[in-house]
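**Q** Please find the sequence and the predicted model below.
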Amino acid sequence: MRDALNRLAKRSQLFCVAYFLLENTRAKRRFAAGQHDSEQGATHRDLDAAASLAYIRRVLDDYSTFGGIDDERLHDATILELGPGDNLGVALCLLARGARRVVCLDRFYSRRDPAQQLQVYRALRDSLEDAEQRRRFDAAVDLSGAEPVFDADRLSYVHGIGIEDAEATLPGERFDIILSYAVLAHLYDPDTGMAVMDRLLVPGGRMAHKIDLSDHGMFSRGGHNPLIFLTFCDAVYGAMSSHTGRPNRRLIDYYRAQFAARGYDASYAYTKTVGVKDNINPYSRQLRAGQDYSDAQVALVERIRPRLAPPYRGLPLEDLLAAGVFVSATKPTETAGRAGC
């Protein structure tokens, strides 16, 4: 009976909306009470060590291939990683490859099993073939006890604070690199978040972000059109999403405008299209009809376009088809910035 009710609920758009409203109200109360623990970002919880290592390597490969975060840029760099979730393996690898310091900042505290994470870190350390990388790794974390102990001078983990409020938490800090992986869609105030990242990044610094532009299963998981979440006005959608980490509905056009307005040299690679589960492999700099999307996906978009809220209704087909993007953006130097004023 419960399974039948769950299936009915997923098929009912009205039921979904009511559930999201209730869930967001509860989350808002928890945050007000200082409770930041969440299932959000618990990527590694159900993975064994091998699967966790594979995920960490995939993230690092994306940062290198599409973000231009190579060893030369990492050398002695200070890095801000947004939303690391329940595992700091990416940060440890960046330190092992030559970064000087990594700050991991997360609005939520993802629930985790310290013993499981200790196994992952030990396996990650054992996978390093270079002696110097192992030395740097060991300097950043002590794995000799029952739980990992991080050297706060090299790896600092701050939770309960979003990027929007980071400047007060990190006074005087500036970073050479700012990274995130499936995080920016969860910012509750993306305008402020983008402005803060810009101020925290040094001139000539690099950002690399993989951004999930989809509805994260809010409605599509129940078989609804994957763009239904773009049909609500801001007030209603905000009441469903502001404190739960649900997607903020900023699409690829938003990020283009944000980086262009600040004079960044930015490149974009499409990672996924609407209505398809798998990522584009490899990511594509330009969406190709018949390869990256089908006529059926075009029909899916155009059927719902008349119902979309005004900010989305007139967007180009390609922007509405994009369910994911990888952005690499370099901040102008101070000289270049003054020249452009």
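**A** Cool, the structure landed.
**Q** Only C-alpha atoms from now on, for both contacts and neighbour counts.
**A** Fine.
**Q** mind listing what's buried in the top helix by length along the chain?
**A** Secondary structure assigned by DSSP state H gives helix 13-32 as the longest helix of the chain. Buried residues in helix 13-32, counted by 16 or more other CA atoms under 10 Å: 13, 16-17, 20-21, 23-25, 27-28.
**Q** wait, residue 269 sits on residue 284?
**A** Yes. Contact status for residue 269 versus residue 284: in contact at 5.2 Å, counting by CA atoms under 8 Å.
**Q** For the two, indicate the residue with more neighbours.
**A** Between residue 269 and residue 284, counted using other CA atoms under 10 Å, residue 269 has the larger neighbour count: 20 against 16.
**Q** in what helix or strand does the more buried one lie?
**A** strand 265-273 (DSSP states H and E).
**Q** which residues touch that strand?
**A** 66, 256, 259-260, 278-287, 292-293, 321-332 (CA atoms under 8 Å, 6 or more residues apart in numbering).
**Q** now do 6 Å
**A** Strand 265-273 is touched from outside by 279-280, 283-285, 321-330, with contacts defined as CA atoms under 6 Å, 6 or more residues apart in numbering.
**Q** Now intersect the residues you listed with the helices, please.
**A** Cross-referencing those against helices under DSSP H gives residue 321.
**Q** Which of the contacts of strand 265-273 sits closest to residue 77?
**A** Set against residue 77, the nearest of those by CA to CA is residue 330 (14.6 Å).
**Q** thought the closest one was touching residue 206?
**A** Yes. With contact defined as CA atoms under 6 Å, residue 330 counts as touching residue 206 (4.5 Å).
**Q** Mutual contacts of the two, please.
**A** With CA under 6 Å, 6+ apart, residue 330 and residue 206 have no common neighbours.
**Q** Comparing these two, which residue is more hemmed in?
**A** residue 206 (25 against 22).
**Q** Doesn't the more buried one belong to a helix?
**A** No. Using DSSP: H, G, I helix; E, B strand; the rest coil, the assignment for residue 206 is strand, not a helix.
**Q** Return the residues in contact with it.
**A** Applying CA under 6 Å, 6+ apart, the residues contacting residue 206 are 177, 329-330.
**Q** mind running it again at 7 Å?
**A** 176-178, 329-331 (CA atoms under 7 Å, 6 or more residues apart in numbering).
**Q** Enumerate the positions of whichever helix or strand comes after the strand holding residue 269 that are buried.
**A** Following strand 265-273 in sequence order, the next helix or strand is helix 295-304 (DSSP H and E). Residues of helix 295-304 classed as buried: 297-298, 300-301, 304 (neighbour count, 16+ other CA under 10 Å).
**Q** pLDDT averaged over the next helix or strand after helix 295-304 - what is it?
**A** Going down the chain from helix 295-304, the next helix or strand is helix 310-313, by DSSP H and E. Regarding helix 310-313, the rounded mean pLDDT is 97.
**Q** List the buried residues in helix 310-313.
**A** 312-313.
**Q** Repeat that for stretch 159-175.
**A** Per 16+ other CA under 10 Å, stretch 159-175 contains these buried residues: 159, 161-164, 166-167, 173-175.
**Q** Using PDB, list the CA coordinates for that stretch.
**A** What follows is stretch 159-175, C-alpha atoms only, in PDB (Å, rounded to 0.1, in the frame of the first residue of the first chain):
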ATOM      1  CA  HIS A 159      30.400  23.900   7.300                       C
ATOM      2  CA  GLY A 160      27.100  25.600   8.000                       C
ATOM      3  CA  ILE A 161      28.200  28.600   5.900                       C
ATOM      4  CA  GLY A 162      27.300  29.100   2.200                       C
ATOM      5  CA  ILE A 163      29.500  31.100  -0.200                       C
ATOM      6  CA  GLU A 164      27.100  34.000   0.100                       C
ATOM      7  CA  ASP A 165      28.300  34.500   3.700                       C
ATOM      8  CA  ALA A 166      31.900  33.400   3.200                       C
ATOM      9  CA  GLU A 167      33.700  36.800   3.400                       C
ATOM     10  CA  ALA A 168      32.700  37.200   7.100                       C
ATOM     11  CA  THR A 169      34.000  33.700   7.800                       C
ATOM     12  CA  LEU A 170      37.200  34.000   5.800                       C
ATOM     13  CA  PRO A 171      38.300  37.600   6.500                       C
ATOM     14  CA  GLY A 172      41.200  38.700   4.400                       C
ATOM     15  CA  GLU A 173      41.300  35.400   2.400                       C
ATOM     16  CA  ARG A 174      42.000  35.400  -1.300                       C
ATOM     17  CA  PHE A 175      42.200  32.400  -3.600                       C
END
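**Q** Provide a list of residues in contact with residue 196.
**A** Residue 196 neighbours (CA under 7 Å, 6+ apart): 163-164.
**Q** and if you look at residue 25?
**A** Counted by CA under 7 Å, 6+ apart, residue 25 has zero contacts.
**Q** Can you tell me how far it is from residue 14?
**A** The gap separating residue 25 from residue 14 is 17 Å, by CA to CA, to the nearest Å.
**Q** and what of residue 253?
**A** From residue 253 to residue 14 the distance is 29 Å (CA to CA).
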